[in-house]
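Novice: Can you look at this prediction? I've put the sequence above it.
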4 protein chains.
Amino acid sequence: MQKNTTPCYYGDYLQLDKILTAQAPESAKYANEAHDETLFIVVHQVYELWFKQILHELKAVMAVFAEAEVKDQQLTGIVHKLKRVISIQQLLNQQIAVIETMTPQDFMSFRDYLVPASGFQSVQFKMLEIGLGLKSEYRIDFDKNSFYSRLNEKDRHFLEALETEPSLFERIEKWLERMPFLQLDDFSFWQMYQNATEQMLDEDASTVSGIEQIAEQERQLQLAEIERTRAKFAALLDKDKYQELQTDGSFRLSQRAMLSALFISLYQEEPVFNLPFQLLTCLTEIDENLTIWRYKHAMMVQRMLGTKIGTGGSSGHDYLKRTTEKNRIFTDLFNMATFLLPKSDLPVLPEQIKRKLGFYFGPER
Amino acid sequence: MQKNTTPCYYGDYLQLDKILTAQAPESAKYANEAHDETLFIVVHQVYELWFKQILHELKAVMAVFAEAEVKDQQLTGIVHKLKRVISIQQLLNQQIAVIETMTPQDFMSFRDYLVPASGFQSVQFKMLEIGLGLKSEYRIDFDKNSFYSRLNEKDRHFLEALETEPSLFERIEKWLERMPFLQLDDFSFWQMYQNATEQMLDEDASTVSGIEQIAEQERQLQLAEIERTRAKFAALLDKDKYQELQTDGSFRLSQRAMLSALFISLYQEEPVFNLPFQLLTCLTEIDENLTIWRYKHAMMVQRMLGTKIGTGGSSGHDYLKRTTEKNRIFTDLFNMATFLLPKSDLPVLPEQIKRKLGFYFGPER
Amino acid sequence: MQKNTTPCYYGDYLQLDKILTAQAPESAKYANEAHDETLFIVVHQVYELWFKQILHELKAVMAVFAEAEVKDQQLTGIVHKLKRVISIQQLLNQQIAVIETMTPQDFMSFRDYLVPASGFQSVQFKMLEIGLGLKSEYRIDFDKNSFYSRLNEKDRHFLEALETEPSLFERIEKWLERMPFLQLDDFSFWQMYQNATEQMLDEDASTVSGIEQIAEQERQLQLAEIERTRAKFAALLDKDKYQELQTDGSFRLSQRAMLSALFISLYQEEPVFNLPFQLLTCLTEIDENLTIWRYKHAMMVQRMLGTKIGTGGSSGHDYLKRTTEKNRIFTDLFNMATFLLPKSDLPVLPEQIKRKLGFYFGPER
Amino acid sequence: MQKNTTPCYYGDYLQLDKILTAQAPESAKYANEAHDETLFIVVHQVYELWFKQILHELKAVMAVFAEAEVKDQQLTGIVHKLKRVISIQQLLNQQIAVIETMTPQDFMSFRDYLVPASGFQSVQFKMLEIGLGLKSEYRIDFDKNSFYSRLNEKDRHFLEALETEPSLFERIEKWLERMPFLQLDDFSFWQMYQNATEQMLDEDASTVSGIEQIAEQERQLQLAEIERTRAKFAALLDKDKYQELQTDGSFRLSQRAMLSALFISLYQEEPVFNLPFQLLTCLTEIDENLTIWRYKHAMMVQRMLGTKIGTGGSSGHDYLKRTTEKNRIFTDLFNMATFLLPKSDLPVLPEQIKRKLGFYFGPER
């Protein structure tokens, strides 16, 4: 490794001349500086720095998935990068506690100067949403209208171009579809799986019918829910039914990708599935953390504004809350528990397959 | 202080013979012990211990508010106890990360043995809800039917009796109503307040109209929202209108209590309001933390079960999510920002009132 | 409040053109870009942004203490700002988890390019240390030599000038010295206090002597410790003895300031002391959080480097650990428990004094 | 899976009759109930419940390592359990914030009743220390005397027996020693490694000599440190030198185990090393979290007691702080960075070995 040729100085290296001079409160321009506006600026700049870091990780992850083949060695690095994203998200969620040290009254002392700026104008946040897979067709209705409305032309064009590129969701879907594990010819795995799950649902139905303490109205709701789940199970292995459920939004992943994800989840303890399962778990957690961030953020906005309008002219928190439930990406993974079986009920894998799932040269062989 | 007469031993003092022998996995009784069932038991026992602690704090707080008069000295202790509750809640929220180390598949290995037990049977959690003020009339519809349905008779009667006792919400309401700050005869505070807020709403309306980037549909929604806020403002000082909004659920606090809470919030920096304002803030945060706990808990259940039914026969997470938004108690405080003014727009308090709000004997006088 | 005259755009307001273009990995300049160097840069930039915010709060706090008199109204704001500092510190402590997602091997892929830059060159961190009160005379020996050695001339001069200005520690000390509570002529508080504490120490000594399970060697250590504490108590009210202990570093606060702080701590529940006690608690927590940060930071450096040298040529973690214990500021407050009495043993304040400590116009009078 | 035969009720299942009746404040027995003693009891009971859970996980992990061979499938489960332990530890560390809501004065209102009980009497905590590998010979001197002194005979005998059983440290050491990776006959890995590290140390020495800003005294310290590191490197591959450093405490792992751990760390990205590397990382983090807990706990005790003695007659915090640095177990893993090389400087593994480290049947082959 080559040594550096010019000595490095902390402040120059971090470009602190730019970083630490970028806080210019609007209130000061009106000769009415609000002490807390600096906090408001710093909090958002920190968010943007972390967004940049998350995008840096995602870009590296995407580059690997863009290749024709993802090597096992590369999965180690991918999982590592996604875990870093999760770690950053946990920090972002805790950061809300800092902005909450600003009282609503303090916020009001400079709110009006910021009109019509809005957090909806964060290009990096939108890059993150699009990059993960929250493209226009998947956004909640309100967003379809307003996602781009507050942006200037340059930013809008940049993001619209991004919508045409493959998202992480799409890359993962393709990767799952390529998995060879499902061709296990002489092993009727899916038949055995189907039998096991039917039995499980029958037992669930009999449980609901058997618990006296459930009010009749609730019981009917539960039984209907079990029937819906039964339909989903049936669709898993039926191309047409699956497509129907995909169209109505019950599934987002393609059938083939869904089956691969399910197989990995069922046999997660097999060493060969360790990294793929970690990967799926990371995606679930990234989605979950994003949702929790949206939720806490919506509550913070409500506490700050009540039913007042935000600086961008939106009554923010209602809208924000609607996004928490709907604007999610890897819901198929998040709901995977629906399709799991207890380990003890899992069809035993034939020895020849089991052997293939181990290491060629394991520590103890 | 009297010294103790018998030596104390750590394990006896903590009654560890009871605490550490209270984990009996159901799966073990069926000769099929699931490793993770111990975690499931311990997590819930820890929850119950913390609930006991929270109830201990609330009981002490309630005892003070039950007195005819709350002395300033006592407010210090009340705020201290409520801050402890908040600290415990933050821990409870983080504790969800521990239960999330159990995979859905691990949970399935003992789920069936627990039927029909359910977290809805936690008497202490229901004591907490009722004690804070979430009595039957305020619960979401679903809860009205099912709140008591899973409990045995003894537990049900115990809780039903509790519903007839004053809740923290009611105690606080009475305390706020008793506040003498609003009789400021020769100072037409509320008139000045009304003028200031009308001007603020007019400006908000003109802001919404003036921002080009807002889609027309959204603009109309915002303007309607501003009109609703205007109606709320008008109701603040109008007995009949207020009662209407109270009936439709827009307000829960009585008008008099609401005005006291607003006055405290507006002049929160006056020393005499420091403790009352801390108290109101604590209540808001307790409510917020409970909501965040419900939300994270609902997501954890979804991740654990997908759309499967829970051990108590409920498809838990949908229901749980519905409770997050509706089953809240101190929403009037949470939405207080609606009615605040920037400090600079606040009517200046007359000197004779200002003097009354300071200390008789302050450090520097 | 005047409305703004030019529309505000999110990216311009936050100067994202500067913030998001300030990441230039050194490794890229050597055509050997290390993926993780971006994280390294971003983490440090975020630290610097938060340092700027903390300095912003401290500056506002210091400005108030610089006045001849601190009004009660102002204490509300001071405590609020210090609580924000604590909230930011908690985030900084959690942020270490993010940097720990970088493995030692990843760090090595760019470490050499950064020579001789070093975290010891962070001017803002040194401003914070000096501003709080960690001036040269109080630094650990090692620091006395090296605190300035790695800085360029401009930075060194800037900081050296800062050392001549009053620190927060000094401001607080003066403020405590000005407190009038100690002139309670006809009330021999300190005499009663001394009697109560002597009795307490006698009991402690008899406790240590009476516990059989303590090894003899340990018992002697404890008894010696109790004698040291007795000497400290004696010094509290004896000018010459106090000065001795101040000289040897057992106390840092002046005697008068120490007595005020003690009085506030003893009667912390009196409303008039609520804000002063919150203030002292905040200072303790700021010191504690700084110490925990130093400790976690030292462990992170050890994990990253082992016994290798850092980029600035220091074997960082040993030095860093030495700073955790010694480089502290408000240790007198942190150790205050030494001098406290249980509430039940406190001398009862005479009615005429008690009345003075309440509000002139309390809610229920 | 067999269904349960008797219906399960939440409160019975969790044995809440035992759990929630186990709080008996000593102060109440002296007709002087201290409100905060309940918190003190609950906090410690929660700690004990979590200790029980951690011991449950460790027991399962130890059972696997006790087998002659650890299968790859089993490593998945081991890593999963250790990650759960880490998750619990993080909660324990945050829990200190709850106990810190008790003021020193509040603690004093019941402290004397608890004499001579002490946290040093927690049998489970000592089981944890011994089980991880902190047996008598590795404890700090003070502990050698006092570890058992406060326990009753039954507890002492129980723990002394435990000291004779293999600890996790010993199990891991054996497992590392069994690793076959080091017999790579025709591949002179260690020779190449040695060359690379010597070059690295030379460069470090020249860096330290070349940085002008370092004070001369500091420079000499650094150069001495580099020589010590050089000696350690030399010892890695020299049986006698290694034994010397093991005797003086510089290494605790056997030479063979140390080399395996190093090899795993160097090639951590190879899929076959993914789980072993995760395992080593978990052990490091468990040790680190235990240390942070000790440190925060010591600070909490200092804040609560100052220099007063604790209920067990010890002046707790000084002792506690001494344990943080010394009472550590997996320091060899924690210091592993000392021996790492950047990936780019790593000897390339011969193709035939590389192939062996992959999966027999990878997703894309």
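Specialist: Nice, thanks for sending it over.
Novice: give the contact list for the closest residue to residue A:102 other than its chain neighbours.
Specialist: In space, and not counting its chain neighbours, residue A:102 is closest to residue A:36: 5.1 Å by Cβ to Cβ, 6 or more residues apart in numbering or on different chains. C-betas here are computed from N, CA, C, even on glycine. Contacts for residue A:36 were tallied using Cβ atoms under 8 Å, 6 or more residues apart in numbering or on different chains; they are A:102, A:106-107, A:109-110.
Novice: wait, what's in contact with the residue in the stretch 201-350 of chain A positioned nearest to chain C?
Specialist: Nearest residue of the stretch 201-350 of chain A to chain C: residue A:311, at 7.7 Å (Cβ to the nearest Cβ). Contact analysis of residue A:311 by Cβ under 8 Å, 6+ apart lists A:111-112, A:114-118, C:8.
Novice: repeat for residue A:177
Specialist: By Cβ under 8 Å, 6+ apart, the contact list for residue A:177 reads A:254, A:256-257, A:260.
Novice: Quick check: phi and psi on residue A:139?
Specialist: phi -80, psi 160 (degrees, to the nearest 10).
Novice: And the pLDDT at it?
Specialist: Reported pLDDT at residue A:139 in the predicted model: 77.
Novice: can I assume the residue of the stretch 201-350 of chain A closest to chain C sits in a strand?
Specialist: No - according to DSSP: H, G, I helix; E, B strand; the rest coil, residue A:311 belongs to no strand; its state is coil.
Novice: can you tell me how far it sits from residue B:226?
Specialist: Distance, residue A:311 to residue B:226, using Cβ to Cβ, to the nearest Å: 15 Å.
Novice: Residue A:153 now?
Specialist: Between residue A:153 and residue B:226 the distance is 29 Å, computed by Cβ to Cβ.
Novice: residues in contact with residue A:102?
Specialist: Neighbouring residues of residue A:102 by Cβ under 8 Å, 6+ apart: A:36, A:39-40, A:304.
Novice: how close does residue A:131 get to residue A:55?
Specialist: 7 Å.
Novice: By residue count, tell me the biggest helix in chain A.
Specialist: If you go by DSSP state H, chain A has its longest helix at helix A:271-305.
Novice: If you average the pLDDT over that one, what comes out?
Specialist: Across helix A:271-305, pLDDT averages out at 91.
Novice: With stretch A:191-205 instead?
Specialist: What stretch A:191-205 shows for mean pLDDT is 87.
Novice: Buried residues, that stretch. List them.
Specialist: A:193, A:197, A:200-201, A:204-205 (16 or more other Cβ atoms under 10 Å in any protein chain shown).
Novice: So what touches it?
Specialist: Here stretch A:191-205 makes contact (Cβ under 8 Å, 6+ apart) with A:223, A:226, A:229-230, A:233, A:237, A:266, A:339, A:341, A:345-347, B:112, B:308-309, D:3.
Novice: still on that earlier bit, out of the contacts of residue A:311, which two are the most distant from each other?
Specialist: Largest separation among those by Cβ to Cβ: A:112 and A:118, giving 13.7 Å.
Novice: picking up where we left off before, most surrounded residue in the contacts of residue A:177?
Specialist: Neighbour tally across the contacts of residue A:177 (other Cβ atoms under 10 Å in any protein chain shown): the maximum, 24 neighbours, falls on residue A:260.
Novice: Can you check the pLDDT for that one?
Specialist: For residue A:260, the pLDDT comes out at 92.
Novice: Now it: which helix or strand?
Specialist: In this assignment (DSSP states H and E), residue A:260 forms part of helix A:255-266.
Novice: Next one: residue A:193 relative to residue D:38, how far apart?
Specialist: According to Cβ to Cβ, residue A:193 and residue D:38 sit 51 Å apart.
Novice: Give the full set of residues in contact with the spatially most central residue of chain A.
Specialist: The centroid of chain A falls nearest to residue A:287 when counting by Cα atoms, centre = their mean (2.1 Å). Taking Cβ under 8 Å, 6+ apart, we find residue A:287 in contact with A:132, A:328-331, A:333-334.
Novice: before we move on, what about residue A:7?
Specialist: If you count contacts by Cβ under 8 Å, 6+ apart, residue A:7 has them with C:115-117, D:211.
Novice: mind checking the SS state of it?
Specialist: coil.
Novice: Got the confidence number for it?
Specialist: Note on residue A:7: pLDDT of 82.
Novice: same question, the one 10 residues further on
Specialist: Reading off the per-residue confidence, residue A:17 sits at a pLDDT of 97.
Novice: List the residues that contact it.
Specialist: Per Cβ under 8 Å, 6+ apart, neighbours of residue A:17: residue A:11.
Novice: looking at this, it is in a helix?
Specialist: Yes - counting by three-state DSSP, residue A:17 falls inside a helix.
Novice: got a list of what the closest residue to residue A:229 other than its chain neighbours touches?
Specialist: Distance criterion Cβ to Cβ, 6+ apart; nearest residue to residue A:229, sequence neighbours excluded, is residue B:307 at 5.1 Å. Residues near residue B:307 by Cβ under 8 Å, 6+ apart: A:225, A:228-229, A:232, A:335, A:338, B:315.
Novice: Of the residues you listed - the most surrounded one?
Specialist: residue B:315 (24 neighbours).
Novice: farthest-separated two in the contacts of stretch A:191-205?
Specialist: The span of the contacts of stretch A:191-205, defined through Cβ to Cβ, is set by A:223 and A:347 at 27.7 Å.
Novice: Return the distance of whichever residue of the stretch 101-250 of chain A sits closest to chain C relative to residue A:151.
Specialist: Ranked by Cβ to the nearest Cβ, the top residue of the stretch 101-250 of chain A for proximity to chain C is residue A:121, at 3.5 Å. With distances taken as Cβ to Cβ, residue A:121 is found 6 Å from residue A:151.
Novice: Kindly report the same for residue A:40.
Specialist: 21 Å.
Novice: repeat for residue A:299
Specialist: 26 Å.
Novice: Ok, residue A:44 next?
Specialist: Per Cβ to Cβ, residue A:44 is found 16 Å from residue A:151.
Novice: Neighbour count for these two, which is higher?
Specialist: Between residue A:44 and residue A:151, residue A:151 has the larger neighbour count (other Cβ under 10 Å), namely 23 against 19.
Novice: residue ranges of the helices in the stretch 101-250 of chain A, please?
Specialist: Ranges of helices in the stretch 101-250 of chain A, per DSSP state H, counting those that start in this stretch, are A:104-111, A:123-132, A:141-146, A:153-162, A:168-178, A:189-210, A:216-236, A:239-247.
Novice: Just name the most buried of those helices.
Specialist: Of all the helices of the stretch 101-250 of chain A, helix A:104-111 has the most neighbours on average by mean count of other Cβ atoms under 10 Å in any protein chain shown, namely a mean of 22.
Novice: Packing partners of that one?
Specialist: In terms of contacts (3 or more Cβ pairs under 8 Å, 6 or more residues apart in numbering or on different chains; DSSP states H and E), helix A:104-111 is packed against helix A:26-29, helix A:37-66, helix A:271-305.
Novice: Just give me how far the longest one sits from the chain centre.
Specialist: Helix A:271-305 has its C-alpha centroid displaced from the chain centroid by 5 Å (Cα atoms, centre = their mean, to the nearest Å).
Novice: Over to stretch A:28-37?
Specialist: Remark: stretch A:28-37 is offset 37 Å from the chain centroid, using Cα atoms, centre = their mean.
Novice: now do stretch A:223-240
Specialist: Here the centre of stretch A:223-240 is set off from its chain's centre by 25 Å, with Cα atoms, centre = their mean.
Novice: Columns distance to residue A:74 on top of the contacts of residue A:36, output as TSV?
Specialist: Shown next, in TSV, are the contacts of residue A:36 (distance: Cβ to Cβ, whole Å):
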residue	distance to residue A:74
A:102	43
A:106	48
A:107	46
A:109	51
A:110	48
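Novice: And the residues you listed, which is closest to residue B:168?
Specialist: Using Cβ to Cβ, residue A:102 is the member of those that sits closest to residue B:168, with 26.8 Å.
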